[in-house]
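Peer 1: got a structure for you, letters missing:
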C-alpha cells in the first residue's frame, strides 16, 4: 500500500495542472488578504475574527479548486486511458481507488494548510505592521475556522475525487463541483422553503460544510462539526459508490 | 505459461469474444492474429482484468492476473502506446509505474536506455512521436524483467529499423525462456518472429498451431524452376506438372509436382537447372484464406488481379536469433544491456506527431 500511495502521490504532482491550479488559488487568497491588510483604512479596528472570516470565505474558492484538481486527476486517468496501465500495475481495483482517495485527501489537507497559514501570515503581519492587533484566538472562533479551512480543503478534495470517480467525466465533475453549492443547493433550498420546510439549508451537504470556515458558527444553520461531518459522509459515499461501480465496469 | 480458458466477453448483445481458449508457452513467441474486430484486444484486456469477462479464466503461470500483487515482475503488458498522460514526462511515467510495484528508480533509467529514450526522457509525452511512445511502452514492459510479455500491435508507428529491433527483442525474450504473446497486423513481421499462432475470427478460435503448420495447411505449394533451356526443362517435366506459369524466358512455376520430382526429371532429360525451389503462399495469404469467412469488416472494393506470381516465403521461416544477440537476459539491473541496441529514438522524423 505504501508503494501505491507513493506512486499515486507522484502521479498527482507530476501533472502541471494539479500543481498550478491549487497554487494559483492559494496565491489569489494570499493576495486578497495582503491587499486587505495593506489597504484597510483603519487596521486597528480590524479584528482577528474579521481576518479569519475573510480568509474562510475566500478559502471556499481555494477548496473548490482543490476539488477540481482531484476530480481532474481521476477523470484524466480515464480520458487518457492511463487507468489501464495503472490497473495493470496494480490489479486490485479497490486498493488502487482507495489509495487515490487517501492521496487526494492528503493533498487537499496539505494545500489547505499552506493556504491558511500563508494567507493568515500575510494578513496579520501587514495589519499588525500598520498598528493592528491581530492574533489567533480560540475565543472568537478564529482558531476553529483556521483548522476548518484545512478540513474543508480535505473534504472537497475527497468530494471532487469521488465525483470524478463516479462520473469518469472531467467537465461533468468540474461543473457539479462549482454549480452544486451555487445552483443545485440554491434551487433545492428554495423548493424546500416554498414547501414549508424550516431552515432547508441544513439538508444541503455542500452548504453545511461552509460552517467549517465561519468564525461564528452560530451563523451556520447546522453547526461546524455536524456540517463538516454531513459533507464528509456525502463525499465518502461518492467515493464508495465510485469504487463499487468501477469494480464492476470495464476500464 | 499463459492459459486462456473459455473467455467470453459480450458488449450488449454482441459477443466480442466467444468461448475462446488457447495457450502461450514459455520459450516461444506466440502470434495472436485476427481480422479487425475479431476480439484480439478485448481478449488481452480480459486477460489482464481490465475488461470484466462474462465467463472464462486466464492464468499466468497458474495464477489469475488479479491475484498477482506486483505484476510488473511477472507480466509485462503493452496494450496501447497511447495510454500515457501527455503532460507527464517519459521518465516520470515509468517512475510511477516502478513505484507502484516497488521497483528501484535506477531501473527506470536502465529501461529508458534499453529502448533508446534516454535523451528524450525528460520531455513531456505529448511531444513524442508514436514510435517513441511505443518505445516508452516497451520500457514499461521491461521494468520488472517479467517472465511473460503481452503486446498488442507493438510495431505500430515504428520505422523499419524499429520494427527490426522489436522483432529481435521479442525473439530474444522467447529464447531467454519468457512467454511472449504478441498481436500484430503486420503478418510478414509475425511470420519472421512467431513460433506459434493463435488465429481468431469473430471472437472465436480458428486455429492454434505452429506457424509452419498453419501456412502449410492454408496455402498452396508449387515448384519454381529455371535454367538456360526452359523449353527443354518443361519438356522433361512433361505432364507431371498439372499447370505451368512462365515467369520469364528462363523461369517457370510448376504446379502439381515437387522440387524433388522436377530435379529428377531434369536430370533424366539432361537439362541444366539454375534454380529449383519449393514455393508456398505467404502467411498473409494463408491468414486471409483461413479467415475468409470470419472477416467482420470486409472491403467491397474490387481487388486487382495478381500480375505476378503469389508472394512467397522461404520454405523454412527463420527461427533463430541474429548471431550478434546474446542468449540471456540480465539478472541484475546493474549489468549492462544485452538487448539489441535500439535505433535512435529521434531517428523517426516521419512518424506522427514528432516534435
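Peer 2: Cool, got the structure. For clarity, every value in this text was computed on a predicted model and none was experimentally measured. Residues are numbered from 1 along each chain as shown, chains lettered A, B, ... in the order given.
Peer 1: longest helix in the chain, please.
Peer 2: Just so you know, I chose chain A. helix A:93-129 (DSSP state H).
Peer 1: wait, chain B was what I had in mind.
Peer 2: helix B:160-175.
Peer 1: flag every residue of the stretch 101-250 of chain A that's near chain B.
Peer 2: Within the stretch 101-250 of chain A, the positions lying close to chain B (CB under 8 Å from any CB of the partner chain) are A:248-250. For the C-beta atoms, the positions are set from N, CA and C on the backbone; glycine is no exception.
Peer 1: circling back: for the longest helix of chain A, buried residues please.
Peer 2: Across helix A:93-129, burial judged by 16 or more other CB atoms under 10 Å in any protein chain shown covers A:93, A:96-116, A:118-120, A:122-124, A:126-128.
Peer 1: which residues of chain B lie near chain A?
Peer 2: By CB under 8 Å from any CB, the residues of chain B that approach chain A are B:45, B:48-52, B:65-69, B:71-72, B:77, B:79-80, B:82-89, B:92, B:95-97, B:99-102, B:140.
Peer 1: the bottom helix or strand of chain A by mean pLDDT?
Peer 2: helix A:205-209 (a mean of 83; mean pLDDT, DSSP states H and E).
Peer 1: now the residue nearest to residue A:37 when sequence neighbours are not counted: how far from residue A:25?
Peer 2: Closest residue in space to residue A:37, ignoring its immediate chain neighbours: residue A:126 at 2.9 Å, by CB to CB, 6 or more residues apart in numbering or on different chains. Separation of residue A:126 from residue A:25 (CB to CB, to the nearest Å) stands at 20 Å.
Peer 1: ok, now residue A:208?
Peer 2: 22 Å.
Peer 1: and the least confident helix or strand of chain A, how far from the chain's centre?
Peer 2: Relative to its chain's centre, helix A:205-209 lies at 11 Å (CA atoms, centre = their mean, to the nearest Å).
Peer 1: re the thing from before, check which residues of the longest helix of chain B are buried.
Peer 2: Within helix B:160-175, the residues scored as buried using 16+ other CB under 10 Å are B:162-175.
Peer 1: by pLDDT, give me the weakest of these.
Peer 2: Confidence by pLDDT is poorest for residue B:162 among the buried residues of helix B:160-175, given 83.
Peer 1: re earlier: moving C-terminal of the least confident helix or strand of chain A, what's the next helix or strand?
Peer 2: Counting by DSSP states H and E, the element after helix A:205-209 in chain order, helix or strand, is helix A:224-248.
Peer 1: any idea how many residues pack against the residue in the stretch 151-300 of chain B that chain A sits nearest to?
Peer 2: Residue nearest to chain A within the stretch 151-300 of chain B: residue B:152 (10.9 Å; CB to the nearest CB). Residues contacting residue B:152 under the criterion other CB atoms under 10 Å in any protein chain shown number 21.
Peer 1: same thing with residue B:27?
Peer 2: Residue B:27 has 14 neighbours, counted by other CB under 10 Å.
Peer 1: burial of the residue lying closest to it once chain neighbours are set aside, as a residue count?
Peer 2: Leaving aside its sequence neighbours, residue B:27 sits nearest to residue B:177 (CB to CB, 6+ apart; 5.3 Å). When counting by other CB under 10 Å, one arrives at 12 neighbours for residue B:177.
Peer 1: contacts only, for the residue in the stretch 1-150 of chain A that chain B sits nearest to.
Peer 2: The nearest approach of the stretch 1-150 of chain A to chain B comes at residue A:7, 3.8 Å away (CB to the nearest CB). The contact partners of residue A:7, by CB atoms under 8 Å, 6 or more residues apart in numbering or on different chains, come to A:89, B:96-97, B:99-100.
Peer 1: how about a cut-off of 10 Å?
Peer 2: The contact partners of residue A:7, taken as CB atoms under 10 Å, 6 or more residues apart in numbering or on different chains, are A:86, A:89-90, A:96, A:99, A:103, B:95-102.
Peer 1: same thing with residue B:1?
Peer 2: Counting by CB under 10 Å, 6+ apart, residue B:1 touches B:23-27, B:59-62, B:147-148, B:179.
Peer 1: what's the local residue count around residue B:179?
Peer 2: Using other CB under 10 Å, residue B:179 has 24 neighbouring residues.
Peer 1: tell me the confidence at the nearest residue to residue A:133 once chain neighbours are set aside?
Peer 2: Counting by CB to CB, 6+ apart, residue A:44 is the residue found nearest to residue A:133 once chain neighbours are left out, at 6.9 Å. On the pLDDT scale, residue A:44 is placed at 74.
Peer 1: touching, residue A:44 and residue A:129? I think so.
Peer 2: No. Contact criterion CB atoms under 10 Å: residue A:44 and residue A:129 do not qualify, at 11.8 Å.
Peer 1: now the stretch 151-251 of chain A against chain B: closest residue?
Peer 2: Chain B sits closest to residue A:250 of the stretch 151-251 of chain A, with a gap of 4.3 Å, by CB to the nearest CB.
Peer 1: who are the packing partners of whichever strand or helix holds residue A:172?
Peer 2: Assigned by DSSP H and E, residue A:172 falls within helix A:170-179. Secondary-structure packing of helix A:170-179 (3 or more CB pairs under 10 Å, 6 or more residues apart in numbering or on different chains; DSSP states H and E): helix A:48-79, helix A:142-167.
Peer 1: list just the one of those that sits closest to residue B:9.
Peer 2: With CB to CB as the criterion, residue B:9 lies closest to helix A:48-79 of the helices and strands packed on helix A:170-179, at 19.5 Å.
Peer 1: could I get the buried residue list for that closest one?
Peer 2: In helix A:48-79, residues buried by neighbour count (16+ other CB under 10 Å) are A:48-56, A:58-60, A:62-78.
Peer 1: again, but for stretch B:281-297
Peer 2: For stretch B:281-297, the neighbour count (16+ other CB under 10 Å) marks B:281-287, B:290-291, B:294-295 as buried.
Peer 1: next one: stretch A:25-45
Peer 2: Neighbour-count burial for stretch A:25-45, counted by 16+ other CB under 10 Å, picks out A:25-26, A:28-30, A:32-34, A:36-37, A:40, A:43.
Peer 1: can you add secondary structure and give these back as a markdown table?
Peer 2: Formatted as a markdown table, these follow (DSSP: H, G, I helix; E, B strand; the rest coil):
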| residue | secondary structure |
| --- | --- |
| A:25 | helix |
| A:26 | helix |
| A:28 | helix |
| A:29 | helix |
| A:30 | helix |
| A:32 | helix |
| A:33 | helix |
| A:34 | helix |
| A:36 | helix |
| A:37 | helix |
| A:40 | coil |
| A:43 | helix |
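Peer 1: lowest-confidence one in these?
Peer 2: Pick the lowest pLDDT in the buried residues of stretch A:25-45 and you get residue A:43, at 73.
Peer 1: which of the helices or strands spans the residue of the stretch 1-150 of chain A closest to chain B?
Peer 2: For residue A:7, the host element (DSSP H and E) is helix A:2-13.
Peer 1: from residue B:38, how far out is the closest residue to residue A:131 other than its chain neighbours?
Peer 2: Nearest residue to residue A:131 in three dimensions, chain neighbours excluded: residue A:44, at 5.0 Å (CB to CB, 6+ apart). Counting by CB to CB, the gap from residue A:44 to residue B:38 is 79 Å.
Peer 1: residue B:54 too?
Peer 2: Distance from residue B:54 to residue B:38, counting by CB to CB: 17 Å.
Peer 1: quick one: which of the two has more around it?
Peer 2: Each of residue B:54 and residue B:38 has its neighbours counted (other CB under 10 Å); residue B:38 has more, 26 against 15.
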